[in-house]
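# Any chance you could fold what I've pasted below:
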Amino acid sequence: MRYRALTAALLLAGLTACGDQAAPTPVTSSAPVRSAAPTVESAPATADPRAALPPALQARMPRFAPPPAATKVTLPGNGTAGWFSRIPTDQKVAFITIDDGWEKNPLAAQLFRAADVPITLFLEVNAIADNPGYFRTLQQTGATIQNHTISHPVLKGRSYAFQKHEICGGADKLGQLYGTRPTLFRPPGGAHDATTLRAAHDCGMKAAFFWKEATNKGKVFYQGKKVVQPGDIILMHFRPRFVDDFLAVLNAIHKAGLTPARLEDYIP
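The predicted model follows:
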């Protein structure tokens with residue numbers, strides 16, 4: 001597939017478990033697709049992976065040009081992780097990030113293959129504990145796995161020792177499960193303080209992330225302009241309407257004239 005061949009390998013209190021701002025005006029995608037959808041048999045390896053999806057889903061999935069070569073951000077040199085809600089770039093790219101891991105939709109891997117775009121998963125250890133192999137399958141589609149703590153506590157205001165335990169413990173466990181220890185981090189709810197960024201750095205996290213758009217129930221919620229801007233980081237979760245959320249994100253990026261890029265490529 002195109003991207004893997006090239007690479008070889010707030011917001012919302014009521015909306016998200018990660019977010020604490022009032023909900024902006026939503027933009028709604030088309031009819032819902034529930035997580036109870038049956039697994040679709042895989043198409044032959046030589047076929048367009050979209051052919052493995054029901055026609056109704058194929059029609060809702062846009063195609064993208066390859067992302068441009070990444071321009072690296074500058075990280076702080078003061079013993080703290082970088083902090084970004086968007087990547088400071090004029091390149092026509094946006095970044096798809098998905099948090100937690102509680103809902104394990106059977107169509108996710110096929111959607112990822114069919115979309116053939118870079119995706120970053122910020123996984124909570126407790127949320128994936130019942131089926132870590134599910135996310136190994138997503139990793140095999142080209143998705144990358146990063147850190148979202150052990151148990152999803154609000155970190156802001158907690159002691160350095162508490163925050164370091166959650167961040168380092170999450171990274172260590174994910175490294176054991178998926179072969180590569182994470183170097184990027186999202187604090188639960190985006191809530192953080194100076195201690196969070198210092199503990200993240202000391203746990204080997206180069207950068208930590210907030211977001212500019214979020215999705216739930218097939219709707220995209222924007223900050224400011226109702227269009228995805230170059231460099232924006234978009235937040236999803238593994239939730240019952242995962243299929244609708246994912247397609248809504250793809251179409252919002254496509255409508256903005258952007259292409260999904262790999263978040264990790266922009267971090268030195």
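# And the helices in the protein?
For the chain, the helices defined by DSSP state H cover 2-7, 55-59, 108-115, 125-128, 132-140, 160-178, 194-202, 242-255.
# from what I can see Arg186 touches Ile167, true?
No. Using CB atoms under 8 Å, Arg186 is not in contact with Ile167; the gap is 10.4 Å. Just so you know, the C-beta spots here come from the backbone N, C-alpha and C atoms, and that holds for glycine as well.
# hey, what's in contact with both of those two?
Common contacts of Arg186 and Ile167, defined by CB atoms under 8 Å, 6 or more residues apart in numbering, comprise Asn147.
# Compare the helices of the chain and give me the one nearest Thr89.
helix 242-255 (14.5 Å; CB to CB).
# Give me the angle between that closest one and helix 108-115.
On the basis of axes from the mean of the first three to the mean of the last three CA atoms, to 10 degrees, helix 242-255 is oriented at 20 degrees to helix 108-115.
# Helix 242-255 - contacts with which helices or strands?
strand 26-28, strand 93-100, helix 108-115, strand 213-216, strand 219-222, strand 233-237, strand 259-260 (3 or more CB pairs under 8 Å, 6 or more residues apart in numbering; DSSP states H and E).
# Of the ones you listed, which stretch is the most buried?
strand 213-216 (a mean of 28; mean count of other CB atoms under 10 Å).
# for that one, packing partners?
strand 219-222, strand 233-237, helix 242-255.
# how about CSV for these, with mean pLDDT and distance to Trp83 added?
What follows is the helices and strands packed on strand 213-216, written out as CSV (pLDDT from 0 to 100; distance: least, CB to CB, whole Å):
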stretch, mean pLDDT, distance to Trp83
strand 219-222, 97, 21
strand 233-237, 98, 11
helix 242-255, 98, 22
